[in-house]
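Peer 1: show me the folded form of this:
(chains A and B)
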Amino acid sequence: MTSLRDPRFEKALQAAPDAHLRPDAHTRQAVLAAAAAAVQTQSAHQPVAWWRRQWFGGAGGGAGRMPWNAALATVLLAGFVTLLWQGQPVPDAQRAEAPASEAMRQTAPSPAKPTQAPVAAGDAVPSIPPSTAPSPKSAPQPPPQAPPAPSAKAAADADARADAPRSAPRQEPVPAPAATPAPAIAQERSSEAAPTSSAQRADAAAAPAESSASAQASAALSEPARAAAPGLAAGSALGRAAPVSTPDSAALQGWTELRITQGGQTRRIARADATALAAQVRRLAPANSGESAMPRAPTLRIAFAQGDEVLAEFELGEPPWVRWTLLRAGFAGQWAAQADRGQLQTLQLELQRLGFTAR
Amino acid sequence: VFFRNPECHGGAYKGCENPFMPAPEPSTMPDDQLMLAYAAGDTGAFDVLYTRHEGALYRFVRRLLGHALAAQADEVFQDTWLRIVAARTSFSPQGAAWKTWAFTIAHNAAMDRLRVSGRETGVELRDDETDPMEWLQAAAGLFHPSTEDVAFWRAAGQQLLHCLDELPDAQRAAFLLHHEDGASVEDLAQRLGLGFETVKSRLRYALQKLRNCMQRYLVVLEQPA
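Peer 2: This is a model prediction of the structure:
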């Protein structure tokens, strides 16, 4: 590199009087302000890349495109999940409803079968095996369709009235026979249903499948039969829960003694001593069976008597089936049912307390 | 704190291999990176750059304008920086160094002003900033200071400024760029768009005139101690 410098001149320039001069302060401020303004203007007009314009809608349009971006992301995510689950079963999508549908399958066809239709008087309740009956806990809770249970006073009035079917709840679609004994049972059951507990209502409500499946069968039933439905519905649940004790009904009203026949011997027990036994017997209300429910001779017979008149007979046989025969005028009828073993044990304990043999 | 270094914008420079390198302290950054940082929007970098070269550029502009146009030095100086600001995006460190680039801009601004003003070379015998006693002693031939004396070099500098005022603009510009900016003859030829011999000739004429003008001081310096 060619150099024509004179070091003496360089030193003289460095020591010159103007070596330390500075521009005016206003000039300095003007330069710095102009420099800052130029950069700010540049950032305001800085070009935006094409992909940024497409994605964000320009420098300030990000918020405007955000919903579209969110929608696109949602679609992409849904497609990805669909691809992941393609050909795979959706896990446990119906698990919560499985018990109800299973119970519906098991209970619904029963009333539709004419062979299992009740032939015994008033025994139209479909057969529900205790082992297959859905438990109230596992069954889905239906909407509160049933009206509130009648009060105790209303139930007492209903017990005294002869037109019990009208006082009974009508919303229970459980089929019931239109046979003659039905009104009596309906009357008694309506009186039983009067103080219906919440558990009973739950049981009744837990059978929506039965209701819907037996809609056609129940359509042919008479109003008294429908009126007996609450009680029968409770009876159909013998294997599930013990019904409450039943008060005197019209069919058994006024009984004074029980005549218990076992092993060819008959023993009479006054009502004052047989109240508990009568209550246990009445718990074994006929539910759902036909004539064939009593294949053998009964091993125990309990007759409700009023003086010399026998109002009703209760028979117990093996395997545990029970049969009721109402003999009172106006309530005549007979039907049988499969007894609940638990209630039978309670009955046998009461019989043992009275001195009978438990079988 | 790590952030994108704005000085790494537009090219791979030293320390910009990783764009998320820690930002260096602006006061320690070289001129080129400061200018790039300013071009990327960092006004702080410009402040550092301005503070670093304010005096040299102002001095260069003022000397190039000469005593007659000294009053316009601030205006030309401001114009120089405005030109630098306007040309910030065109600055490329692959070319000349920032200082060379800036001095060239200042040279062009001052020469434009000289061209417009029709400057007449006047003979200024004294400067207000010159110590009257020193001037009187020098004029009377009574001034024989030591070569190490600050006052001597101050008086020599003042005399050199007077001598520069008597040079033609082109020679003065070539001399100042060569001595103050440190540009070589080749660089000057390239920056000024002139031939090498032209620049060399200008420098030679300038040196010759200045030596004649500074004879009194140079004699003192040539005397043995």
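
Peer 1: C-alpha only now, for contacts and for neighbours.
Peer 2: Will do.

Peer 1: okay, now the unreliable bits of the chain?
Peer 2: In the absence of a named chain, this looks at chain A. By pLDDT under 70, the low-scoring segments of chain A are A:1-3, A:42-50, A:52-65, A:90-249, A:285-296, A:358-359.

Peer 1: oops, chain B please
Peer 2: Those would be B:1-24, B:95, B:119-148, B:223-225, if you go by pLDDT under 70 across chain B.

Peer 1: just give me the residue closest to the centre of it.
Peer 2: Residue closest to the average C-alpha location in chain B (CA atoms, centre = their mean): residue B:60, at 3.6 Å.

Peer 1: alongside chain B, which residues does the stretch 201-350 of chain A contribute?
Peer 2: Residues of the stretch 201-350 of chain A found near chain B (CA under 8 Å from any CA of the partner chain): none.

Peer 1: tell me which stretches of the stretch 201-350 of chain A form strands.
Peer 2: Using DSSP state E, counting those that start in this stretch, the strands found in the stretch 201-350 of chain A span residues A:257-262, A:265-270, A:300-306, A:309-317, A:321-326, A:333-338.

Peer 1: show me where chain B has its strands.
Peer 2: Taking DSSP state E as the test, none of chain B falls into strands.

Peer 1: now the stretch 251-359 of chain A against chain B: closest residue?
Peer 2: Of all residues in the stretch 251-359 of chain A, the one sitting closest to chain B is residue A:342 (80.0 Å; CA to the nearest CA).

Peer 1: what about that residue, how many neighbours?
Peer 2: Applying other CA atoms under 10 Å in any protein chain shown, we find 14 residues neighbouring residue A:342.

Peer 1: now do the longest helix out of those in chain B: distance to the chain's middle.
Peer 2: The helix that spans the most residues within chain B, counting by DSSP state H, is helix B:43-65. Distance, stretch centre to chain centre, for helix B:43-65: 9 Å (CA atoms, centre = their mean, to the nearest Å).

Peer 1: what's in contact with that helix?
Peer 2: If you take CA atoms under 8 Å, 6 or more residues apart in numbering or on different chains as the criterion, helix B:43-65 is touched by A:18-23, A:32, A:35-36, A:39, B:26-27, B:31, B:34-35, B:37-38, B:69-70, B:73-74, B:76-77, B:103, B:106-107, B:110-111, B:113-114, B:161, B:164, B:169, B:172-173, B:176, B:180.

Peer 1: could I get the buried residue list for that helix?
Peer 2: B:43-50, B:54-65 (16 or more other CA atoms under 10 Å in any protein chain shown).

Peer 1: contacts only, for residue B:210.
Peer 2: B:160, B:163, B:164.

Peer 1: in chain B, which spans are helices?
Peer 2: Counting by DSSP H, the helices of chain B are B:31-39, B:43-65, B:73-86, B:98-117, B:132-139, B:150-165, B:169-176, B:185-192, B:196-213, B:215-222.

Peer 1: now the last one: buried residues?
Peer 2: Of the residues in helix B:215-222, those buried under the neighbour-count criterion (16+ other CA under 10 Å) are B:216, B:217, B:218, B:220.

Peer 1: and for the first one?
Peer 2: For helix B:31-39, burial by neighbour count (16+ other CA under 10 Å) applies to B:31, B:32, B:33, B:34, B:35, B:36, B:37, B:38, B:39.

Peer 1: and those as CSV, adding distance to residue A:27?
Peer 2: Output for the buried residues of helix B:31-39, formatted as CSV (distance: CA to CA, whole Å):
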residue, distance to residue A:27
B:31, 21
B:32, 23
B:33, 24
B:34, 21
B:35, 20
B:36, 23
B:37, 23
B:38, 19
B:39, 21
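
Peer 1: from residue A:308, how far off is the residue in chain B that chain A sits nearest to?
Peer 2: Chain A sits closest to residue B:157 of chain B, with a gap of 3.8 Å, by CA to the nearest CA. If you measure residue B:157 against residue A:308 using CA to CA, to the nearest Å, the figure is 155 Å.
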